[in-house]
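> build me a model from this:
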Amino acid sequence: MNIGEISYTNIIPLYFYLDRERLKENGVSITDAVPSRINRLMEEKKLDIGGISSFSFGKNADRYSLIPDLSVSAFGKVNSIFLFSKYRLEELGGKKIALTSSSETSVALLKIIMQQFYRIEPSFEVETPNFEKMIELYDACLLIGDDAISAKRKNRSYHVYDLGEIWYKETGLPMVFAVMAYRKEMETEKRELLSYVGQSMTESKERCLRENFAPVVERSVIEHGGTSAFWESYFNGLNYGFNGEHEKGLSVYFQLAKECGLLQTIPSILKFSYK
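Sure thing, here's the model as predicted:
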């Protein structure tokens, strides 16, 4: 079995306490990459389970199912998905926006926000994430994950919009940015191992919550800088569950994505049963 691990701090709690040696002994490999690459490897059947963009799940829901009670979500500010802009958001109609090549969910979310909530039509171009280059060449730029956190620290003069905050204000529902999905054939081909991996990720999440993310915060400070207070606030501002409210939020996201022409159909949300 091949596991995909998003190389951003926001999803670390789901992987932090995995017994990687035991997984390796059972023939499991772990691939670390940005969300868009994890999405692509899942679609190419080179990964069997992984944290993928919610939008990627929406495109492939006929082939994927979800591990229950796991996601990267936010009830409001997500603090790592930002639109940096030279203009106020409502003034971006007809302007040029650079989109990070690292994301699918947030790119679609920005387009939904522009079309459905603000009724404006900018033009979009996908770029490799580089804040200085993007903001120099475009009127605004979208960054996610650690790229967004770093750019926010440097920013002194641009408007900054948190997409999670806008979504929650407009819908009253959580925004589900990533889910833990697996290819459906794993249920029959490797059910026991799939169950072990899913339960291990759930236990990792719950242990991180009990510890108030202390070891995760320490690692993030070492690897990415910033203060312990910042990272404590960051992880506590995220939500790692997936229950009825998350499912409602994801369903509305899919509905609006379809209305914007970003999805062909509204997918069903199926989850693994440990029974």
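> how far away is Ser228 from Phe16?
16 Å (Cβ to Cβ, to the nearest Å). Glycine gets a C-beta too; all of them are placed from N, C-alpha and C.
> Lys152 now?
Counting by Cβ to Cβ, the gap from Lys152 to Phe16 is 24 Å.
> the strands in the protein, which residues?
Along the chain, counting by DSSP state E, strands occupy 2-6, 29-33, 49-53, 64-74, 81-85, 96-100, 123-127, 140-144, 159-162, 175-183.
> helices or strands up against the fourth one?
To tie it back to what came earlier, the one meant is strand 64-74. Judged by 3 or more Cβ pairs under 8 Å, 6 or more residues apart in numbering; DSSP states H and E, strand 64-74 is in contact with strand 49-53, helix 54-59, strand 175-183, helix 191-210, helix 244-259.
> hmm, 10 Å instead?
If you count contacts as 3 or more Cβ pairs under 10 Å, 6 or more residues apart in numbering; DSSP states H and E, strand 64-74 packs onto helix 35-43, strand 49-53, helix 54-59, helix 163-171, strand 175-183, helix 186-189, helix 191-210, helix 244-259.
> with the third one instead?
In terms of contacts (3+ Cβ pairs under 10 Å, 6+ apart), strand 49-53 is packed against strand 2-6, strand 29-33, helix 35-43, helix 54-59, strand 64-74, helix 105-112, strand 175-183, helix 191-210.
> so what's Gly249 up against?
Under the criterion of Cβ atoms under 10 Å, 6 or more residues apart in numbering, the neighbours of Gly249 are 54, 71, 73-75, 167-168, 171-176, 242.
> now swap in Ala181 and tell me
4, 38-39, 42, 47-54, 56-57, 60-61, 63-67, 70, 271-272.
> from these, keep the buried residues only.
Listed as buried from these are 4, 38-39, 42, 47-54, 56-57, 60-61, 64-67, 70, 271-272; burial here means 16 or more other Cβ atoms under 10 Å.
> would TSV of the strands of the chain with mean pLDDT and distance to Gln115 be doable?
Shown next, in TSV, are these (pLDDT from 0 to 100; distance: least, Cβ to Cβ, whole Å):
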stretch	mean pLDDT	distance to Gln115
strand 2-6	93	27
strand 29-33	93	30
strand 49-53	94	19
strand 64-74	96	21
strand 81-85	96	14
strand 96-100	97	13
strand 123-127	96	11
strand 140-144	95	15
strand 159-162	96	15
strand 175-183	96	16
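> CSV for these, including distance to Asn212?
Shown next, in CSV, are those (distance: least, Cβ to Cβ, whole Å):
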stretch, distance to Asn212
strand 2-6, 22
strand 29-33, 25
strand 49-53, 22
strand 64-74, 18
strand 81-85, 23
strand 96-100, 30
strand 123-127, 37
strand 140-144, 25
strand 159-162, 23
strand 175-183, 22
